[in-house]
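A.B. asks: The sequence and its predicted three-dimensional model are supplied below.
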Amino acid sequence: MVFMAGSFGPARLRILVAETDAIAARGMAAALAAGLLNAEVEIADSLESAEARLRGIRFSALVAGGTLGTAAIARLRPLMQGPLVVAGIADPAKALQQGADAALPIALPGLLIEQLVACIAARPVADIPHESQSGFESFIGASATMRDVYASIARVAPSKAAVFVTGESGTGKELAALAVHARSGRSGGFIALNCGAIPKELIESEIFGHMRGAFTGAVEERIGAAEAAHGGTLFLDEICEMDFALQAKLLRFVQTGEVRRVGGTKSKKVDVRIVCATNRDPKAEVKAGRFREDLFYRLHVLPVHLPPLRDRGTDTVMLARAFLSRLSREEDRSFAGFDPLAERLIASYAWPGNVRELEAVIRRVVVLNDGSLVTGDMLPDEIASSVLRQPHASQRTSREILPMWVQEERIIEEALAAFGGNISRAAAALEINPSTIYRRRQTGARKAAAE
């Protein structure tokens, strides 16, 4: 579970608390959210989760709990540009040696805030990016399709109605949910649950909480995600993976706004904005009987669809450049850009794994190579082979000579067929401007009509 708390309005600071002890993590997050002006605090409950969050989002500061150990500091330090403060560590001196800016043997709220503020002042950090010519909130991209997404998020964010985000895996559905929350003006926190990653026997407790003794292993009373998100946003990722029996209880919660913990007898009213996401077709899931139709219509009120990376045109190269800059710093490499062939291959590849695959490829290139420019031969072989594997024209005799405009038209049509009709990618592969394809196709049509 990822928890983020923040004050009203857009946040100036975004802080990540990495701590495996849930109680300690929530205590530190609550103290930081209350003690820092205009800040958002998110929780990562494992070292792996913290690494994933730091690779995907730029945080202003990182607070690592002592349960992670000093070895984790060495792994997290390269991923964090801003201050890294360790709280509740048995060996503060060793934590400092591993790269921490400050280390506290006890996580006292007042002392933690004091140290964090001092470290932020000593190590300048950038504000959270919100909107620019190259992106929106934490998104990177300025294509027409993404500008439509940004406009859609900006329109739906102030509403209290549920938002349903769809899109292929790796397109940034959680970033969309975070953007909705950031633009909502809600003063509460952001809590994210992946319904496909939590065992079905535990998901009810994760959402609604439980009473002590409610089931085997419930040794203490615990609030759930819905209560923790009071006044804020509850993000249910991979909602179509939720067990069918639990969907009825979620429907009741959506209808009434009341939470009843597992094993409890009393209900509690909460104010929660719900954002859901799935990489499946929710209507097909309803038709197949795997998702309740009544729940679908309660949640699918304000839809937001994220396009696959292959449909985002020049955003692909923009994202690749941003990843290269960040990952080069993290891995202590000196890459400053891509050579023309590498950019053409990146722009032309279909990227079935979307932005997540692109980032993984760039990291692999950065780790396995050295230099100032990423060259085409540094990219995985499957990218070049996929781009260059184009269907050949039908066999013609050597004596057959066709007009140049016919040959150009055939080449363009073959390229368009190879890239599923995507003009931007076909133009990138042919090394011409997309407008040239439009113009040549129109010219060819007129000449064919004349003949």
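C.D. replies: Nice, thanks for sending it over. Residues are numbered from 1 along each chain as shown.
A.B. asks: can you give me the strands in the stretch 151-300 of the chain?
C.D. replies: Along the stretch 151-300 of the chain, counting by DSSP state E, counting those that start in this stretch, strands occupy 163-166, 190-194, 233-237, 258-259, 268-269, 273-278.
A.B. asks: What's the local residue count around A151?
C.D. replies: By other CB atoms under 10 Å, 11 other residues sit near A151. All C-beta atoms are positioned from the backbone trio N, CA, C, and that covers glycine.
A.B. asks: Please tell me how far it sits from M378.
C.D. replies: Distance, A151 to M378, using CB to CB, to the nearest Å: 37 Å.
A.B. asks: isn't R298 right next to V254, touching?
C.D. replies: Yes. Under the contact definition of CB atoms under 8 Å, R298 touches V254, with a separation of 4.8 Å.
A.B. asks: Which neighbours do those two have in common?
C.D. replies: In the contact map built from CB atoms under 8 Å, 6 or more residues apart in numbering, the residues linked to both R298 and V254 are A162.
A.B. asks: re the thing from before, mind putting the strands of the stretch 151-300 of the chain in TSV, mean neighbour count, distance to Q407 and mean pLDDT included?
C.D. replies: Listed next are the strands of the stretch 151-300 of the chain as TSV, based on neighbours: other CB atoms under 10 Å; distance: least, CB to CB, whole Å; pLDDT from 0 to 100:
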stretch	mean neighbour count	distance to Q407	mean pLDDT
strand 163-166	24	42	97
strand 190-194	24	52	92
strand 233-237	26	50	95
strand 258-259	18	68	93
strand 268-269	12	71	92
strand 273-278	25	46	97
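A.B. asks: Take these and lay them out in a markdown table including distance to K249.
C.D. replies: Putting the strands of the stretch 151-300 of the chain into a markdown table (distance: least, CB to CB, whole Å) gives the following:
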| stretch | distance to K249 |
| --- | --- |
| strand 163-166 | 19 |
| strand 190-194 | 14 |
| strand 233-237 | 13 |
| strand 258-259 | 10 |
| strand 268-269 | 14 |
| strand 273-278 | 14 |
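A.B. asks: looking at the ones you listed, which is closest to E42?
C.D. replies: For E42, the closest of the strands of the stretch 151-300 of the chain is strand 190-194, at 7.4 Å, according to CB to CB.
A.B. asks: what packs against that closest one?
C.D. replies: Applying 3 or more CB pairs under 8 Å, 6 or more residues apart in numbering; DSSP states H and E, one finds that strand 190-194 contacts strand 2-6, helix 173-184, helix 200-208, helix 225-228, strand 233-237.
A.B. asks: partners of it, with directions?
C.D. replies: In the sheet, strand 190-194 lines up against strand 2-6 (antiparallel), strand 233-237 (parallel) (DSSP bridges).
A.B. asks: Put the alpha carbons of whichever helix or strand comes after the first one into CSV.
C.D. replies: The C-terminal neighbour of strand 2-6 among helices and strands, as given by DSSP states H and E, is strand 13-18. Once side chains and other backbone atoms are set aside, the C-alpha atoms of strand 13-18 remain, and they are given as CSV (Å, rounded to 0.1, in the frame of the first residue of the first chain):
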residue,chain,number,x,y,z
LEU,A,13,7.5,19.2,-1.7
ARG,A,14,7.0,15.5,-2.4
ILE,A,15,8.5,13.2,0.3
LEU,A,16,8.9,9.5,0.3
VAL,A,17,8.9,7.5,3.5
ALA,A,18,10.5,4.1,3.1
